[in-house]
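>>> Show me how the following folds:
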Amino acid sequence: MREMLVLQGVTLLVALGVLLVSAVGVFHPMVERLRADFEERVRTAHDLMESEERLRRILEESPMGVSVSRRSDGRVVFANARFSDILGMKREEFVGSYARDHYVDETQRRAVLSALRRDGQIDSAEVEFRRKDGRPFWSLLTIRSTQFEGEPVNLAWIYDITERKAAEQQILLAAKVLETLKEAVMITDSTNGIVFVNPAFAAITEYARDEVVGLNPRVLSSGRHDGEFYERMWGDLMTNGAWSGEIWNRRKSGELFAEWLSIVAIHDAHGRISHYVAVFADITHRKEDEARVWRQANYDALTGLPNRSLFLDRLAQAVQQGRREGKCFALLFLDLDGFKAVNDGLGHAAGDLLLQQAAERLALCMRGSDTLARLAGDECVLNLLGVRDRDEPARVAAKIVDLLAADSAAIVRFQ
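As a prediction, the model looks like this:
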């Protein structure tokens, strides 16, 4: 009996040992797996926390404003520092406010909501908001629907484009000004190829924009200016950065026209010339008016001869030249005898015709350097330049008498 009890005890111990060994073999891998799963969960949670922290830092340091608002009531539940800066308010003031309160007006808000309902998102839409102090500003708005802390939200990005919009307005304004200017505007690149002309350019030169873009402005050259003129012009332009002056050019039809031209050199950020801007106005009519006024002031309207003013100016030049170069000149004064009788008997029209015929015949006796002027009435004076001796004026006078006496009803007397 004792031996059986001992045997049973040993058997029980062996069975317990076998069970213990089996339990260790079965449960140890399970325990290891549980411990590995626990450690993995811990690492995942740690990585998730680090990822969330990195994401938060990225959002905080983003140059774009980022905000999160609940879709249920529109309240802002998150905003980065840049979003608050753009609005000009503290983050504590912005978080908890309603997103709809920051649109510039109800029209803008409804347009955004309509696009969001239609497309499910907003991509870089130009939307106007209002800062805390009431000033409106333009932004690029992007919205995505997502989940935040277990509830549906709208994730919004804004980028302040107020300065860009202002620059665009300035560019549009400048373009409008160029379109409406009466002066022609031509812009060339650094190689002097035309890149832009305004409508006034086409009106003045008769060249359409497509006909001149890419060409050199010399297509307008009139041929009236020599190479020295253009060398001086470009020298001033390179030295001073600008040039202005009067120049003659040629229209597409071949007609010459005068213009007042101003050229300015435009430099890039590195100080190199990138463009030239030329502005010019057609002054042909003004030049014609000036020439007409000058002629009226210096020439006799009836005979076309120089008047007293121009004669005195040329006489002064002859005196200066004579003193400087030792050259002689002579003056011949003349009038027409019987001129009053022609006026009284035949009328002033006949007298005017007589004066015109006498002027034409006198012009035949002159050289290009001489000056024949009408002083008043039938009184004229002839300035002979480069006289070599005393007999030369007498020879000229005799020639004049013979020419006027031929088939002439007037008697010519020299004084």
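>>> where does the protein dip in pLDDT?
Applying pLDDT under 70 to the chain flags residues 1, 6, 10, 14-32, 34, 39, 42, 44-56, 58-59, 406-415.
>>> Spatially central, which residue of it would that be?
Ala174 (6.8 Å; C-alpha atoms, centre = their mean).
>>> Distance check, that residue against Glu211.
Going from Ala174 to Glu211 by C-beta to C-beta, to the nearest Å gives 24 Å. All C-beta atoms are positioned from the backbone trio N, CA, C, and that covers glycine.
>>> Ok, Ile204 next?
Going from Ile204 to Glu211 by C-beta to C-beta gives 14 Å.
>>> Compare these two (neighbour count), which wins?
The neighbour comparison of Ile204 against Glu211 (other C-beta atoms under 10 Å) goes to Ile204, with 21 against 15.
>>> In this structure Arg209 contacts Val195, no?
No - counting by C-beta atoms under 8 Å, Arg209 sits too far from Val195 to count as a contact (10.4 Å).
>>> For this structure, which segments are assigned as helices?
2-61, 81-87, 91-94, 106-119, 162-180, 199-205, 209-212, 227-240, 284-298, 308-325, 339-346, 348-363, 391-405 (DSSP state H).
>>> Out of those helices, which gets nearest to Ser190?
Ser190 lies closest to helix 227-240 among these, at 12.3 Å (C-beta to C-beta).
>>> contacts for the closest one?
242-243, 245, 263, 265, 276 (C-beta atoms under 8 Å, 6 or more residues apart in numbering).
>>> Next, the buried residues of that helix.
233, 237 (16 or more other C-beta atoms under 10 Å).
>>> how distant is that helix from the center of its chain?
Centre-to-centre, helix 227-240 and its host chain are 23 Å apart (C-alpha atoms, centre = their mean, to the nearest Å).
>>> Make 47 the first number, not 1, from now on.
Noted, 47 is the first residue going forward, which turns the last one into helix 273-286.
>>> Return the distance of the nearest residue to Leu356 once chain neighbours are set aside relative to Gly423.
Of all residues beyond its chain neighbours, the one nearest Leu356 is Asn344 (3.9 Å), with distances taken as C-beta to C-beta, 6 or more residues apart in numbering. Taking C-beta to C-beta as the measure, Asn344 falls 19 Å from Gly423.
>>> Next: Glu209.
76 Å.
>>> Who has more neighbours out of those two?
The residue with more neighbours, out of Glu209 and Gly423, is Gly423; 13 against 10, by other C-beta under 10 Å.
>>> Name all residues that make contact with that one.
381, 385.
>>> Equivalent analysis for Asp314, please.
Ser320 are the contacts of Asp314 under C-beta under 8 Å, 6+ apart.
>>> Repeat that for the one 4 residues further on.
Contacts here follow C-beta under 8 Å, 6+ apart; on that basis Arg318 touches Ser236.
>>> residues near the closest residue to Ser143 other than its chain neighbours, how many?
Excluding the flanking residues, the one nearest Ser143 by C-beta to C-beta, 6+ apart is Val122, at 5.6 Å. By other C-beta under 10 Å, the residues close to Val122 number 22.
>>> so Val122 touches Glu139, yeah?
No - with contact defined as C-beta under 8 Å, Val122 does not reach Glu139; the gap is 10.1 Å.
>>> now the contacts of helix 273-286 in a markdown table, with distance to Ile168 and neighbour count?
Putting these into a markdown table (distance: C-beta to C-beta, whole Å; neighbours: other C-beta atoms under 10 Å) gives the following:
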| residue | distance to Ile168 | neighbour count |
| --- | --- | --- |
| Ala288 | 48 | 13 |
| Trp289 | 52 | 21 |
| Gly291 | 56 | 13 |
| Ile309 | 48 | 21 |
| Ala311 | 45 | 16 |
| Tyr322 | 44 | 21 |
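>>> Let's have the residues you listed in TSV, adding distance to Ala246.
Below are the contacts of helix 273-286 laid out as TSV (distance: C-beta to C-beta, whole Å):
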residue	distance to Ala246
Ala288	20
Trp289	20
Gly291	19
Ile309	16
Ala311	22
Tyr322	17
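>>> Now intersect those with the strands, please.
Members of the contacts of helix 273-286 lying in strands (criterion: DSSP state E): 288-289, 291, 309, 311, 322.
>>> For Met135, state which of those residues is nearest.
Ala311 (46.7 Å).
>>> Show the contacting residues for that closest one.
For Ala311, counting by C-beta under 8 Å, 6+ apart, the contacting residues are 283-284, 287-288, 319, 321-322.
>>> Check Trp306 too.
By C-beta under 8 Å, 6+ apart, the contact set of Trp306 is 290-292, 326-327, 329.
>>> Recalculate using a threshold of 7 Å.
Residues in contact with Trp306 (C-beta atoms under 7 Å, 6 or more residues apart in numbering) are 292, 326-327, 329.
>>> Thought Asp256 was touching Ala248, still the case?
No - when contacts are counted by C-beta atoms under 7 Å, Ala248 is not listed as touching Asp256 (9.9 Å).
>>> more crowded one of the two?
Ala248 (17 against 9).
>>> Now do the same contact list for that one.
254-255.
>>> before we move on, what about Leu410?
Counting by C-beta under 7 Å, 6+ apart, Leu410 makes contact with Leu449.
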